[in-house]
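Engineer: What follows is a predicted protein model with its sequence.
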Amino acid sequence: MDSILVTGGNALHGEIPIAGAKNACLTLMPATLLSEEPITLTNAPRLSDIKTMGALLESLGTEVTSMQDGKVLTMSSHSLDNLTADYDIVRKMRASILVLGPMLARAGQAVVSLPGGCAIGARPVDLHLKAMEALGAQIELRDGYVHAKAPKGLKGATIEFPFVSVGATENALLAATLAKGTTVLKQAAREPEIVDLAECLIAMGAQIDGHGTSTITIAGVDRLHGATHPVVTDRIELGTYMLAPAITGGEVECLGGKIELLAAFCEKLDEAGISIEQTQRGLKVKRTNADIKAINVTTEPFPGFPTDLQAQMMALLCTAKGTSVLEEKIFENRFMHAPELSRMGAQIEVNGGMATVTGVERLKGAPVMATDLRASVSLILAGLAAEGETLVNRVYHLDRGYERVEEKLGNCGAKIERITGQ
Ligand SMILES: CC(=O)N[C@H]1[C@@H](OP(=O)(O)OP(=O)(O)OC[C@H]2O[C@@H](n3ccc(=O)[nH]c3=O)[C@H](O)[C@@H]2O)O[C@H](CO)[C@@H](O)[C@@H]1O
Ligand SMILES: C=C(OP(=O)(O)O)C(=O)O
């Protein structure tokens with residue numbers, strides 16, 4: 001497995017193009033299953049997760065064509081040959097469960113393996129299954145697979161989620177577009193990726209209202225047609241690269257960045273003493289002060305501070321002046337990066353869902369292990385600021401979510417290289 005070697009100490013200067021969002025593309029791709037006509041996604045990110053979703057869709061009978069080096073994806077699901085999403089593919093990626101709603105809605109049945117994904121908590125799929133049941137599906141769990149049936153088709157319903165789930169909102173939204181009658185999703189997720197999905201579905205002929213708020217109303221239609229849709233900017237990749245000049249010093253413009261995608265995160269960076277300017281091309285981020293100020297951060301569903309930026313923010317706060325407290329409220333086991341950062345000299349105490357970080361003058365390079373996607377990149381950020389060399393081992397997860405990370409950071413002056421096959 002590949003490793004990334006980072007030699008710390010260089011301030012970063014330059015610009016970084018931000019790709020389309022992994023988490024939007026992974027929910028937009030299964031939308032192809034709802035229509036016989038092709039859908040085309042532009043601004044797709046070039047990531048292993050996207051290839052995995054492509055392979056999953058192909059296994060169901062979708063024709064997937066990739067153009068412009070993977071930035072444009074055309075998917076055509078004129079017939080669904082196979083209604084079983086197999087364990088071998090599904091185990092690689094949690095978002096695979098998003099084929100359940102569209103298959104049920106279009107074909108009246110689906111068999112989907114229970115999914116894998118980043119090991120950041122138990123991550124059950126009960127809310128997805130309850131939503132399908134509320135829409136009239138019969139669900140059985142057998143041999144590690146979800147067996148779902150709706151022989152007479154899905155029927156619109158009011159579904160009130162007990163708490164916000166991005167994936168369950170997406171699955172229900174996808175399924176409800178072809179259900180008979182009206183569906184109302186209450187306590188729905190409001191993430192930009194949900195808005196992007198709703199906009200693509202509307203372009204395909206769906207009738208959706210209220211996306212971006214916590215109540216989404218979907219009036220089911222008989223069929224959806226093809227569409228071309230640009231994938232929204234990846235706000236998590238954006239936030240990650242905004243943290244690079246914050247941690248090393250310097251100034252970087254993140255091309256395509258918009259404050260409204262990350263308002264809560266930008267407020268926290270500002271509080272820590274980092275300057276952010278919205279330009280015509282994106283977000284310009286500059287470290288003006290010698291010291292980073294300690295801050296407290298609590299993760300929350302959108303529009304709150306994203307859990308997917310908690311690890312990267314922790315890397316920054318390891319070198320802040322004073323003590324910061326990070327509270328993780330979305331996933332029960334998302335501090336796996338803390339012991340690895342401690343190997344680099346960070347002072348972090350984890351107690352349940354709270355991490356107390358006391359800033360140190362300078363981190364020191366060390367061999368570390370990437371345990372999940374955002375943990376991997378937090379170790380790279382820490383390595384950029386550390387004295388000496390940091391070898392981030394096992395970067396399989398990194399490649400799921402960050403395209404050409406060495407090139408993007410290297411172009412801004414970072415000393416970073418990939419070591420293949422270690
Ligand atoms: C591919 C994708 O888009 N992944 C994102 C998505 O994950 P994902 O859609 O899996 O996250 P959810 O919003 O569903 O999870 C939120 C919380 O709800 C719990 N839960 C969820 C579903 C369910 O049926 N039962 C249940 O208990 C989860 O364990 C978690 O504690 O949103 C997360 C929260 O912003 C992000 O960290 C992930 O990067
Ligand atoms: C947790 C993530 O991905 P997944 O939901 O696919 O595990 C992530 O993108 O940070």
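Structural biologist: Thanks, I have the structure now. Ligands and ions are numbered 1, 2, ... in the order given.
Engineer: Any regions of the stretch 1-150 of the chain where pLDDT drops low?
Structural biologist: Within the stretch 1-150 of the chain, the ranges that satisfy pLDDT under 70 run 116-119.
Engineer: which residue ranges form the helices in it?
Structural biologist: Assigned by DSSP state H, counting those that start in this stretch, the helices in the stretch 1-150 of the chain fall at 22-28, 48-60, 87-90, 100-107, 126-134.
Engineer: Any part of stretch 308-322 near ligand 2?
Structural biologist: Yes - Stretch 308-322 lies within reach of ligand 2 by C-beta under 6 Å from any ligand atom, at residue 308. Yep, even glycine has a C-beta here, placed from its N, CA and C like the rest.
Engineer: So which residues on the stretch 151-300 of the chain come close to ligand 1?
Structural biologist: Close to ligand 1, as judged by C-beta under 6 Å from any ligand atom, the stretch 151-300 of the chain has residues 165-168.
Engineer: before we move on, the earlier item: could I get the helices of the stretch 1-150 of the chain as TSV with distance to residue 334?
Structural biologist: TSV is the format used below for the helices of the stretch 1-150 of the chain (distance: least, C-beta to C-beta, whole Å):
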stretch	distance to residue 334
helix 22-28	16
helix 48-60	18
helix 87-90	22
helix 100-107	25
helix 126-134	19
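Engineer: Nearest to residue 154, out of these?
Structural biologist: helix 100-107 (5.5 Å; C-beta to C-beta).
Engineer: what angle separates the closest one from helix 48-60?
Structural biologist: 30 degrees (axes from the mean of the first three to the mean of the last three C-alpha atoms, to 10 degrees).
Engineer: thinking again about what came up before, nearest to residue 222, of the residues of the stretch 151-300 of the chain next to ligand 1?
Structural biologist: Checking those against residue 222 by C-beta to C-beta gives residue 168 as the nearest, at 24.9 Å.
Engineer: Please identify which of the helices of the stretch 1-150 of the chain is closest to residue 284.
Structural biologist: helix 22-28 (23.8 Å).
Engineer: for that closest one, the distance to its chain's centre please.
Structural biologist: 8 Å (C-alpha atoms, centre = their mean, to the nearest Å).
Engineer: likewise stretch 339-354?
Structural biologist: That offset, for stretch 339-354, works out to 23 Å (C-alpha atoms, centre = their mean).
Engineer: CSV for the helices of the stretch 1-150 of the chain, including distance to ligand 1 and mean neighbour count?
Structural biologist: What follows is the helices of the stretch 1-150 of the chain, written out as CSV (distance: least, C-beta to the nearest ligand atom, whole Å; neighbours: other C-beta atoms under 10 Å):
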stretch, distance to ligand 1, mean neighbour count
helix 22-28, 3, 27
helix 48-60, 8, 20
helix 87-90, 13, 19
helix 100-107, 11, 26
helix 126-134, 3, 20
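Engineer: Format those helices as JSON lines; extra columns: distance to ligand 2.
Structural biologist: Output for the helices of the stretch 1-150 of the chain, formatted as JSON lines (distance: least, C-beta to the nearest ligand atom, whole Å):
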{"stretch": "helix 22-28", "distance to ligand 2": "6"}
{"stretch": "helix 48-60", "distance to ligand 2": "7"}
{"stretch": "helix 87-90", "distance to ligand 2": "12"}
{"stretch": "helix 100-107", "distance to ligand 2": "15"}
{"stretch": "helix 126-134", "distance to ligand 2": "13"}
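Engineer: picking up where we left off before, top of the residues of the stretch 151-300 of the chain next to ligand 1 by neighbour count?
Structural biologist: residue 168 (25 neighbours; other C-beta atoms under 10 Å).
Engineer: gap between residue 115 and residue 98?
Structural biologist: Counting by C-beta to C-beta, to the nearest Å, the gap from residue 115 to residue 98 is 9 Å.
Engineer: Look at those two and report which has more neighbours.
Structural biologist: A count of neighbours by other C-beta under 10 Å puts residue 98 above the other of residue 115 and residue 98, at 27 against 23.
Engineer: Wait, that one touches residue 173, no?
Structural biologist: No - between residue 98 and residue 173 there is no contact under C-beta atoms under 8 Å: 10.1 Å.
Engineer: number of nearby residues for the nearest residue to residue 158 once chain neighbours are set aside?
Structural biologist: Nearest residue to residue 158 in three dimensions, chain neighbours excluded: residue 184, at 4.5 Å (C-beta to C-beta, 6 or more residues apart in numbering). Per other C-beta under 10 Å, the neighbour tally for residue 184 reads 17.
Engineer: Contact partners for residue 184?
Structural biologist: Residues in contact with residue 184 (C-beta atoms under 8 Å, 6 or more residues apart in numbering) are 157-159, 215-218.
Engineer: if we can go back for a sec, compare the helices of the stretch 1-150 of the chain and report which one is nearest to residue 360.
Structural biologist: That would be helix 22-28 among the helices of the stretch 1-150 of the chain, by C-beta to C-beta, at 32.0 Å.
Engineer: so which of the helices of the stretch 1-150 of the chain comes closest to residue 245?
Structural biologist: That would be helix 22-28 among these, by C-beta to C-beta, at 22.5 Å.
Engineer: Pull that closest one out as CSV, backbone CA atoms only.
Structural biologist: Taking C-alpha atoms only, helix 22-28 is exported to CSV below (Å, rounded to 0.1, in the frame of the first residue of the first chain):
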residue,chain,number,x,y,z
LYS,A,22,-17.1,13.2,-3.6
ASN,A,23,-20.2,13.1,-1.3
ALA,A,24,-22.4,14.8,-3.8
CYS,A,25,-21.2,12.7,-6.8
LEU,A,26,-21.7,9.5,-4.8
THR,A,27,-25.4,10.4,-4.3
LEU,A,28,-25.9,11.8,-7.8
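Engineer: export stretch 182-202 as CSV, just CAs?
Structural biologist: This file holds the C-alpha atoms of stretch 182-202, laid out as CSV (Å, rounded to 0.1, in the frame of the first residue of the first chain):
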residue,chain,number,x,y,z
THR,A,182,-46.6,13.1,-2.0
THR,A,183,-43.7,12.5,0.4
VAL,A,184,-42.8,14.9,3.2
LEU,A,185,-39.3,14.5,4.8
LYS,A,186,-39.1,16.2,8.2
GLN,A,187,-35.9,16.8,10.1
ALA,A,188,-34.2,16.3,6.7
ALA,A,189,-30.5,17.0,6.2
ARG,A,190,-29.7,20.4,4.7
GLU,A,191,-26.2,19.8,3.4
PRO,A,192,-25.2,21.4,0.1
GLU,A,193,-24.9,17.8,-1.3
ILE,A,194,-28.6,17.3,-0.6
VAL,A,195,-29.4,20.5,-2.4
ASP,A,196,-27.2,19.4,-5.3
LEU,A,197,-29.0,16.0,-5.5
ALA,A,198,-32.4,17.7,-5.5
GLU,A,199,-31.4,20.1,-8.2
CYS,A,200,-30.2,17.2,-10.4
LEU,A,201,-33.4,15.3,-9.8
ILE,A,202,-35.5,18.4,-10.7
